[in-house]
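Fold the following for me, if possible:
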Amino acid sequence: MATQVTPTPAPTESTVPPIGTSDHKNESAFEEYSALELYGKLTLAQKVIIGVLCALIALEGLYLYAIVVEYLAEWFILLLAATKRMKQLRSEP
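Residues are numbered from 1 along each chain as shown. Okay, the predicted model is just below:
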């Protein structure tokens with residue numbers, strides 16, 4: 001048994017939004033307002049937990065930065081030692 005499908009008529013008008021007319025100031029203001037509104041609805045315990053998590057993330061970033069600085073310092077010292085040794089090897093007969 002076959003069913004017959006009737007095609008829908010094509011729309012006579014189509015609305016296309018113009019490209020490049022978005023207002024970024026209004027979008028950022030809306031995002032900021034919604035973030036402030038969301039933060040205002042949190043309980044004190046949730047705010048404390050978010051604060052502790054942000055502090056931990058900041059401390060972890062500082063720790064990783066210290067590790068990178070230490071790693072680069074070790075490589076710099078190794079490079080200085082290698083150049084000093086190369087100078088000694090060149091001066092030997």
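
Need the single longest helix in the chain, by residues.
The longest helix of the chain (DSSP state H) is helix 44-91.

Show me what it is packed against.
Contact here means 3 or more C-beta pairs under 8 Å, 6 or more residues apart in numbering; DSSP states H and E; on that basis helix 44-91 packs against no helix or strand. (Glycine included, C-beta is placed from N, CA and C.)

can you rerun that using 10 Å?
helix 24-40 (3 or more C-beta pairs under 10 Å, 6 or more residues apart in numbering; DSSP states H and E).

now the helix it packs on: mean pLDDT?
Mean pLDDT, computed over helix 24-40, is 70.

residue ranges with poor pLDDT in this protein?
1-2, 5, 7-33, 93 (pLDDT under 70).

run the last query once more with 80
Residues of the chain that meet the criterion pLDDT under 80 lie in 1-36, 92-93.

Can you report how many residues neighbour L38?
Neighbours of L38 under the rule other C-beta atoms under 10 Å: 9.

May I have the residues that are in contact with it?
L38 is in contact with no residue at all, counting by C-beta atoms under 10 Å, 6 or more residues apart in numbering.

mind checking how far it is from L59?
Plainly put, L38 is 25 Å away from L59 if you go by C-beta to C-beta, to the nearest Å.

L80 too?
For L80, the distance to L59 - C-beta to C-beta - is 32 Å.

what do you get for Q88?
44 Å.

got it, and V52?
Applying C-beta to C-beta to V52 and L59 gives a distance of 11 Å.

what is in contact with these two at once?
By C-beta under 10 Å, 6+ apart, no residue touches both V52 and L59.

What is the burial count for E60?
By other C-beta under 10 Å, the residues close to E60 number 10.

ditto for Q88
Applying other C-beta under 10 Å, I find that Q88 has 9 neighbouring residues.

cool, the one 4 residues further on as well?
Using other C-beta under 10 Å as the criterion, E92 is surrounded by 5 other residues.
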